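S.K.: this one's structure only:
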């Protein structure tokens, strides 16, 4: 067997020169947070060049199920308290790290070129409205908020035949923007992303405000890094981005 005659110091210098792989941080966030969190993640990576943020966006219910089934997630941000409550019940988050960080509004939207007048929920019954995009209320907070509002108004069963179920708020927004439906329920922040394709016709009153919590995942492989990311979201820099995308303070 031959041994290297290179001095130990030279070997250590050579090892130090090797590229260091980035640390992965997986953030699961509600679909409505996608654009804001993409920008936050980019800023975070610039401040912490050794970290690569992997953003996973979907309906909050789907994210909670992924986490429950063992998905390698470090941070969870949902669009309602009920989804985070479920994650806590499943022992999927660190409850001490949970913070409510933004609020949003539920609105009704129509395609930009639509002539439909839609000022209140009861207007959805008019014959000109044949298709309404509503995210799955069993797994998506925006769908749950929408169904609750319609039910309280005594309208859910009346408009049920018109409902087109979507997987998340962004799919509802896309359907309206493309004119594939006559109206839809989305968050104000989502509608603001397509001002040239959709029009907000009315805000929908809710008993429970639309509030978003964020928490460190219980089985995060790097809880210190996960906490640092949560702190960044809550920092003035993170809040500036969230303000830019129209999210209000809790």
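M.R.: That came through, no problem. It should be emphasised that the depicted structure is a prediction, and the values quoted were computed from it without experimental measurement.

S.K.: C-alpha only now, for contacts and for neighbours.
M.R.: Will do.

S.K.: how many neighbours does residue 22 have?
M.R.: When counting by other C-alpha atoms under 10 Å, one arrives at 12 neighbours for residue 22.

S.K.: please tell me I have it right and it contacts residue 51.
M.R.: Yes - the criterion here is C-alpha atoms under 8 Å, and residue 22 meets it with residue 51 at 5.2 Å.

S.K.: now the common contact residues for the two.
M.R.: Between them, residue 22 and residue 51 share no contacting residue under C-alpha atoms under 8 Å, 6 or more residues apart in numbering.

S.K.: could you list the domains of this protein?
M.R.: 10-103+211-244, 106-203 (automatic domain parsing).

S.K.: let's have these in a markdown table, adding mean pLDDT.
M.R.: Formatted as a markdown table, the domains of the chain follow (pLDDT from 0 to 100):
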| stretch | mean pLDDT |
| --- | --- |
| domain 10-103+211-244 | 92 |
| domain 106-203 | 96 |
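
S.K.: closest one to residue 250 among those?
M.R.: Among these, the nearest to residue 250 by C-alpha to C-alpha is domain 10-103+211-244 (4.9 Å).

S.K.: can you list contacts of the biggest helix by length in the chain?
M.R.: Identified as the longest helix of the chain according to DSSP state H is helix 34-47. With contacts defined as C-alpha under 8 Å, 6+ apart, helix 34-47 is touched by 29, 51-53, 55, 57, 229, 232-233, 238, 241-242, 245.

S.K.: for the spatially most central residue of the chain, what are phi and psi?
M.R.: With distances taken as C-alpha atoms, centre = their mean, residue 30 lies nearest the centre of the chain, 1.9 Å away. Note on residue 30: its backbone torsions stand at phi -50, psi 150 [degrees, to the nearest 10].

S.K.: quick one, what contacts it?
M.R.: 57, 58, 59, 60, 63, 77, 78, 79.

S.K.: any of these buried? List them.
M.R.: 57, 58, 59, 60, 63, 77, 78, 79 (16 or more other C-alpha atoms under 10 Å).

S.K.: in helices, which of those fall?
M.R.: When DSSP H is applied, the buried ones among the contacts of residue 30 are split such that 60, 63 fall in helices.

S.K.: let me have the domains of the chain in TSV, adding distance to residue 250 as columns.
M.R.: Listed next are the domains of the chain as TSV, based on distance: least, C-alpha to C-alpha, whole Å:
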stretch	distance to residue 250
domain 10-103+211-244	5
domain 106-203	15
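
S.K.: apart from its chain neighbours, what residue comes closest to residue 151?
M.R.: Once flanking residues are discounted, residue 151 sits nearest to residue 157: 7.8 Å by C-alpha to C-alpha, 6 or more residues apart in numbering.

S.K.: quickly note the distance from the residue nearest to the centre of the chain to residue 242.
M.R.: Using C-alpha to C-alpha, to the nearest Å, we find residue 30 at a distance of 14 Å from residue 242.
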